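A.B. asks: Sequence and predicted structure below; questions after.
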Amino acid sequence: MKEERRKNLGKEKNKTVYTSEYELEGKIPLGKAIILGMQHVLAMFVGNLTPILIIGGMCGLGEAGLMRPILQNAMLVAGIITLIQLWTVGPVGARLPIVMGTSSGFIGVCKGIAAACGDGVMAYGAIMGACLISGFFETALGCFLKPLRKFFPAVVTGTVVTAIGLSLISVGINSFGGGNANGDFGSVQNLFVGTVVMITIILFKHFTKGMTSAASILIGIVVGYVLCIIMGVVLPTTYTDAEGVVKTCSWVIDWSKLRDAAWFEVPVFMPVKMRFDLKVIVPMLIMFIVTAVETVGDISGITEGGLDREATDKELAGGVMCDGLGSSAASLLGVLPNTSFSQNVGLVGMTKIVNLYAISMGAIFLIICGFVPKVAALVEIMPQSVLGGAAVMMFSSIVVSGIKLLTKNGVDSRVVTIVSVALGFGYGLGTTSDVLAQLPSWVGYVFGGSGIVPAAVVALVLNIVIPEGADPLAQKKE
């Protein structure tokens, strides 16, 4: 009897005690972690590659045979830097559920640099040289972030988080309609796919429990894949554009990319020779300052949306340092700057799943993609409308996280002024960047595009200029 009891106690001691995916460092089964981690990969996969496709296309990387290896490197880099951000290396990393990837915020400044340098692979080399130096600069900013923290109260970080969400909503709707670069953008089929994906996510999120509720995004995307396959059998898969050219519908899955992709490929170190040009480095340094502010906003959005608290000085500093060092490391592999992905901030805010172990599985999958192109191709062939069905909800949830930050300490006339002016300029310039066309080109590179940059700068300046307690309404009540 005693022997049997001793054996049972030994079994209980060796048995793994699982906790919850809603805990930062909770233990969850491997299968569950892989599924939840894959949601994060699917949310950011296309966005991770898009900046390189745009800037690399301008610089002729495809003609030089460099596009494919750099895209592979982008997945490898994103996975490695995400792991560092999750688990930290010394002071580097936030130890928060942050997914890293190639930043779309740099597209504007890189476009200007490429045009100024005459395009070509040499221009891309100049961008990489500027990224190497600017990444170290952002790392230094992270080291001194604690004394600078007073410049980032809830009204500033909340404004930045809200601006991030607003800038992404149009991206989500664009994907929902099938991508405006495609001739069938906004077709009934694309809208149908996006709607089915969205409804599926809502149903599984709110009308089921446990694993199916937690993995609602992934289930919605899988349903989208299956729906597109069925539609490809029963519906016409081509359309005729305005010029009379017959093209394949954007919701059709291109299996040839999966078939043609290799099973294994070794990453290429420094595929492009770096160049160092001061006129390229200066605008890149400015952009990295703004990126640091955006990262502070992303980290604040994650802690507010997923953990219901404000970020600590250590988390903010570690996150910014990881951004900087990660971007410098990425440049050595020919990859554009890596920053925290706002898409995944939205996913955390929507699902409340903050488990580092689960997101690590997604990071490991990205690293595998860096070596196994065929695995990467399976995600790459996802139709835009499938991604859009999930993206609209995820991006909108970032706005909600920003509003929660802004209203956390109450809203007085000072807060209203700061937020109104910052978002007015930010969102306005983000949607109408042509208004900057008459100003020096570098102004357009830095402040045009997403609108996050002007919103962050205006919020920072007004927070300093307008003193606390400068609320005539509150004084009148007293």
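C.D. replies: Structure received.
A.B. asks: Show me how far the helix or strand harbouring residue 302 is from its chain's centre.
C.D. replies: Per DSSP states H and E: residue 302 is located in helix 278-307. Mean-position distance between helix 278-307 and its chain equals 12 Å (CA atoms, centre = their mean, to the nearest Å).
A.B. asks: What mean pLDDT does that helix get?
C.D. replies: For helix 278-307, the mean pLDDT works out to 83.
A.B. asks: same thing with stretch 264-275?
C.D. replies: Across stretch 264-275, the average pLDDT comes to 88.
A.B. asks: do stretch 239-255 as well
C.D. replies: In this model, stretch 239-255 carries a mean pLDDT of 84.
A.B. asks: Show me where the stretch 201-350 of the chain has its strands.
C.D. replies: 238-240, 246-248, 338-340 (DSSP state E, counting those that start in this stretch).
A.B. asks: Out of those, which one sits most buried?
C.D. replies: Across the strands of the stretch 201-350 of the chain, averaging neighbours per residue (mean count of other CB atoms under 10 Å) puts strand 338-340 on top, at a mean of 31. Quick note: C-beta positions are derived from backbone N, CA and C, even for glycine.
A.B. asks: Please identify the pairing partners of it and their relative orientation?
C.D. replies: strand 100-102 (antiparallel) (DSSP bridges).
A.B. asks: how distant is the strand it pairs with from the center of its chain?
C.D. replies: 6 Å.
A.B. asks: residues making contact with it?
C.D. replies: With CB atoms under 8 Å, 6 or more residues apart in numbering as the test, strand 100-102 has contacts from 44, 47-52, 74, 77-78, 81-82, 85, 322-323, 326, 330, 335-341.
A.B. asks: If any of these are buried, give me the PyMOL selection for them.
C.D. replies: The following PyMOL line selects those of the contacts of strand 100-102 that are buried, judged by 16 or more other CB atoms under 10 Å:
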select buried, resi 44+47+48+49+51+52+74+77+78+81+82+85+322+323+326+330+335+336+337+338+339+340+341
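A.B. asks: Looking at the contacts of strand 100-102, which are in helices?
C.D. replies: Applying DSSP state H to these, the entries found in helices are 44, 47-52, 74, 77-78, 81-82, 85, 322-323, 326, 330.
A.B. asks: Where does pLDDT dip in the stretch 1-150 of the chain?
C.D. replies: Within the stretch 1-150 of the chain, the segments meeting pLDDT under 70 span 1-17, 46, 54, 108, 119.
A.B. asks: For it, just list every one of the helices.
C.D. replies: Secondary structure of the stretch 1-150 of the chain by DSSP state H, counting those that start in this stretch: the helices cover 2-14, 30-58, 67-87, 107-116, 120-143, 145-148.
A.B. asks: The spatially most central residue of the chain and residue 416, how far apart?
C.D. replies: Centroid-nearest residue in the chain: residue 341, 2.1 Å away (criterion: CA atoms, centre = their mean). Separation of residue 341 from residue 416 (CB to CB, to the nearest Å): 30 Å.
A.B. asks: And for residue 151?
C.D. replies: Distance, residue 151 to residue 416, using CB to CB: 20 Å.
A.B. asks: now residue 176
C.D. replies: 32 Å.
A.B. asks: Which residue of these two possesses the greater neighbour count?
C.D. replies: Set residue 176 next to residue 416 and count neighbours by other CB atoms under 10 Å: residue 176 wins out with 25 against 14.
A.B. asks: Any figure for the gap between residue 349 and residue 394?
C.D. replies: Distance of residue 349 to residue 394, computed by CB to CB: 8 Å.
A.B. asks: how many other residues sit next to residue 169?
C.D. replies: Quick note: residue 169 (other CB under 10 Å) scores 15 neighbours.
A.B. asks: That should have said residue 140, apologies.
C.D. replies: Here the count is done by other CB under 10 Å, and residue 140 has 12 residues near it.
A.B. asks: residue contacts, it?
C.D. replies: Counting by CB under 8 Å, 6+ apart, residue 140 touches residue 324.
A.B. asks: Could you list the alpha-carbon positions for the helix or strand where residue 392 lies in CSV?
C.D. replies: Assigned by DSSP H and E, residue 392 belongs to helix 384-407. Provided in CSV are the C-alpha atoms of helix 384-407 (Å, rounded to 0.1, in the frame of the first residue of the first chain):
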residue,chain,number,x,y,z
GLN,A,384,-5.7,38.9,-49.6
SER,A,385,-9.4,38.7,-48.9
VAL,A,386,-8.8,35.8,-46.4
LEU,A,387,-6.3,37.9,-44.5
GLY,A,388,-8.5,40.9,-44.7
GLY,A,389,-11.4,39.1,-43.0
ALA,A,390,-9.2,38.8,-39.9
ALA,A,391,-7.3,42.1,-40.3
VAL,A,392,-10.2,44.5,-40.1
MET,A,393,-11.1,43.3,-36.6
MET,A,394,-7.5,43.0,-35.4
PHE,A,395,-6.5,46.5,-36.6
SER,A,396,-9.7,48.1,-35.1
SER,A,397,-8.9,46.5,-31.8
ILE,A,398,-5.6,48.6,-31.7
VAL,A,399,-7.7,51.7,-31.9
VAL,A,400,-9.7,50.4,-28.9
SER,A,401,-6.5,49.8,-26.9
GLY,A,402,-5.4,53.4,-27.7
ILE,A,403,-8.7,54.8,-26.5
LYS,A,404,-8.4,52.8,-23.3
LEU,A,405,-4.9,54.3,-22.7
LEU,A,406,-6.2,57.9,-23.4
THR,A,407,-9.2,57.6,-21.0
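A.B. asks: Could you pull out the buried residues of the helix or strand just after that helix?
C.D. replies: Moving toward the C-terminus from helix 384-407, the next helix or strand (DSSP H and E) is helix 413-431. Across helix 413-431, burial judged by 16+ other CB under 10 Å covers 414, 415, 418, 419, 421, 422, 423, 425, 426, 427, 429, 430.
A.B. asks: okay, those in TSV with pLDDT next?
C.D. replies: Listed next are the buried residues of helix 413-431 as TSV, based on pLDDT from 0 to 100:
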residue	pLDDT
414	89
415	90
418	92
419	91
421	92
422	91
423	89
425	84
426	80
427	79
429	80
430	73
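A.B. asks: Now distance to residue 124 too, for those residues, in CSV please.
C.D. replies: Below are the buried residues of helix 413-431 laid out as CSV (distance: CB to CB, whole Å):
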residue, distance to residue 124
414, 45
415, 43
418, 39
419, 38
421, 37
422, 33
423, 34
425, 31
426, 29
427, 31
429, 27
430, 26
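A.B. asks: from those residues, which is closest to residue 263?
C.D. replies: Minimum distance to residue 263 across the buried residues of helix 413-431 is 41.6 Å, recorded for residue 430 (CB to CB).
A.B. asks: Could you verify my assumption that the closest one touches residue 436?
C.D. replies: No. The pair residue 430 and residue 436 fails to qualify as a contact (CB atoms under 8 Å) at a distance of 11.2 Å.
A.B. asks: count of residues packed around residue 433?
C.D. replies: Around residue 433 there are 17 residues (other CB under 10 Å).
A.B. asks: same deal with residue 122?
C.D. replies: 16.
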